[in-house]
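> everything below, folded, please.
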Amino acid sequence: MKKLAVVALGGNALLRADQNGTIDEQETNAFQTSEKLIKLLNRDYNLVITHGNGPQVGNIMLANAAGKKVYGLPEMPLDICVAYSQGFIGYIIEQQLRNVLQANDMDRDIITIITQVLVNKDDPAFKNPTKPIGPYYTKEEADKFTKETGSKFVKDPRGRGWRKVVASPKPLVISNKKSIERIARDEHIVIAVGGGGIPAFFVKENKLQGIDAVIDKDLASALLAIQINADKLFILTDVPKVYINYHTPQEKPIDRMTIAEARRYLDEGQFTEGSMAPKIRAAIHFVENTGKDTIITQTTKLGIDDGGTRVVMI
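The predicted model follows:
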């Protein structure tokens, strides 16, 4: 039986920091990423692909705000914006991966699944929203929105304005996980849990409803990998390995790291919250619950025996 891998694509898989975000740019990036994913298929992995959506969902929210201001169109809530982004990002990845498969004489179906993820409406994160999303506003605009909607805004530390912050609750259950696993083990490729999934909760018994929050993509990917019995979790980022003392003269790459070492490095503050720390927590979560490995690396190192940092139980 082929092995099953969950591959969590970082934001740079579609949109780089120095790019404007045109569809041409995102398609080119997705094609280049897809070329690297072929290496895993050639090593007898079945694939489930997850992805981030930070820049894209921010642009959707900006378009929402402009539509309301100029044309009086109703703004869509955050869960709907996440669903928008899942659809079009999934389409881009699916199309470019199909192009790569055809170029390599490989025939597999690729299925994008719009994925809801269950959260707890009483999660403590809802009392302390910290995740910045969407466009930057002036202080006056932010105060006006706070008065009108009750939303919380924080000042950007780099002085670019004020941004809305929302809760980032813990993911609990991935919807359609049985179908995701079955389709992937049938040797088709599944794209799911985009942007961490669409956050939903039970507003009352047997009634799901979206909620104004974002879910950490890497933690949701780890949960998906656990719930579909994946053999390995790959977390892709923009560096080839995890480093301690990053960007200092004492910088050191890590080839292999136990979850005990990973926790110690987290406690020491070795990993920043906006970058590597969530990936380390996701790796710990998967390894601790399955006993299997997580690989943290960049896309170009996929399929290389000594590529990336291997996070293991002991």
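
> contacts only, for residue 196.
52, 53, 82, 117, 171, 214, 215, 216, 217, 219, 220 (CB atoms under 8 Å, 6 or more residues apart in numbering). Every C-beta, even on glycine, is put in place using the N, C-alpha and C of the backbone.

> after the lowest-mean-pLDDT helix or strand in the chain, heading C-terminal, what element do we hit next?
The weakest-scoring helix or strand in the chain, judged by mean pLDDT, DSSP states H and E, is strand 131-137 (a mean of 78). Going down the chain from strand 131-137, the next helix or strand is helix 139-149, by DSSP states H and E.

> and that next one, how far from the chain's centre?
29 Å (CA atoms, centre = their mean, to the nearest Å).

> narrow the contacts of residue 196 to those in strands?
Among the contacts of residue 196, DSSP state E puts residue 117 in strands.

> list the helices and strands the least confident helix or strand of the chain packs on?
helix 54-71, strand 162-166 (3 or more CB pairs under 8 Å, 6 or more residues apart in numbering; DSSP states H and E).

> so what secondary structure elements neighbour the lengthiest helix in the chain?
For the chain, the helix with the greatest residue count under DSSP state H is helix 78-103. Contacts defined by 3+ CB pairs under 8 Å, 6+ apart place helix 78-103 against helix 23-42, strand 45-51, helix 54-71, strand 110-112, strand 189-191, strand 198-204, strand 207-210.

> follow-up on the earlier one: which of the contacts of residue 196 sits closest to residue 145?
residue 214 (17.6 Å; CB to CB).

> residues touching the closest one, list them.
Contacts of residue 214 (CB under 8 Å, 6+ apart): 57, 78, 82, 131, 133, 166, 167, 168, 195, 196, 199.

> give me the number of residues near residue 183?
19 (other CB atoms under 10 Å).

> who's in contact with it?
So residue 183 contacts 111, 190 (CB under 8 Å, 6+ apart).

> and the gap between it and residue 110?
Distance, residue 183 to residue 110, by CB to CB, to the nearest Å: 10 Å.

> pick the most buried one from the helices and strands packed on strand 131-137.
strand 162-166 (a mean of 21; mean count of other CB atoms under 10 Å).

> can you tell me what sits against that one?
78, 129-139, 141-142, 145, 151-156, 212-214.

> can you flag the buried ones in those?
78, 129, 131-137, 142, 145, 152-153, 212-214 (16 or more other CB atoms under 10 Å).

> pLDDT weak spots in the stretch 51-200 of the chain?
Flagging of the stretch 51-200 of the chain using pLDDT under 70 yields the residue ranges 158.

> try 90 this time
53-59, 61-62, 64-66, 69, 75, 128-137, 145, 148-152, 156-160, 163-166 (pLDDT under 90).

> same question for the stretch 201-314 of the chain.
212, 238, 247, 272-275, 299-307.

> now the longest helix of the chain against helix 54-71, angle please.
130 degrees (axes from the mean of the first three to the mean of the last three CA atoms, to 10 degrees).

> how far does helix 78-103 sit from its chain's centre?
With CA atoms, centre = their mean, you get 13 Å for helix 78-103.

> for the remainder of this discussion, apply numbering that starts at 464.
Let's use 464 as the start, then, which means that last one is helix 541-566.

> what's the helix or strand for residue 747?
Going by DSSP H and E, residue 747 is in helix 740-753.

> where's the closest residue to residue 514 other than its chain neighbours relative to residue 489, distance?
Using CB to CB, 6 or more residues apart in numbering and skipping the chain neighbours, the partner closest in space to residue 514 is residue 472 (4.3 Å). Distance, residue 472 to residue 489, by CB to CB: 12 Å.

> with residue 604 instead?
29 Å.

> again, but for residue 756
Distance from residue 756 to residue 489, by CB to CB: 30 Å.

> between those two, who's got more neighbours?
Ranked by neighbour count (other CB under 10 Å), residue 756 and residue 489 place residue 489 first, with 22 against 17.

> that one and residue 477 touch, don't they?
Yes. Judged on CB atoms under 8 Å, residue 489 makes contact with residue 477 at a distance of 4.8 Å.

> joint contacts of those two?
By CB under 8 Å, 6+ apart, the residues touching both residue 489 and residue 477 are residue 555.

> any idea how far the residue nearest to residue 761 when sequence neighbours are not counted lies from residue 716?
In space, residue 761 comes closest to residue 703 once its chain neighbours are excluded; the distance is 5.1 Å by CB to CB, 6+ apart. Relative to residue 716, residue 703 is positioned 7 Å away (CB to CB).

> between those two, who's got more neighbours?
Between residue 703 and residue 716, counted using other CB under 10 Å, residue 703 has the larger neighbour count: 17 against 13.

> gap between stretch 770-777 and the chain center?
Worked out by CA atoms, centre = their mean, stretch 770-777 lies 20 Å from the chain centre.
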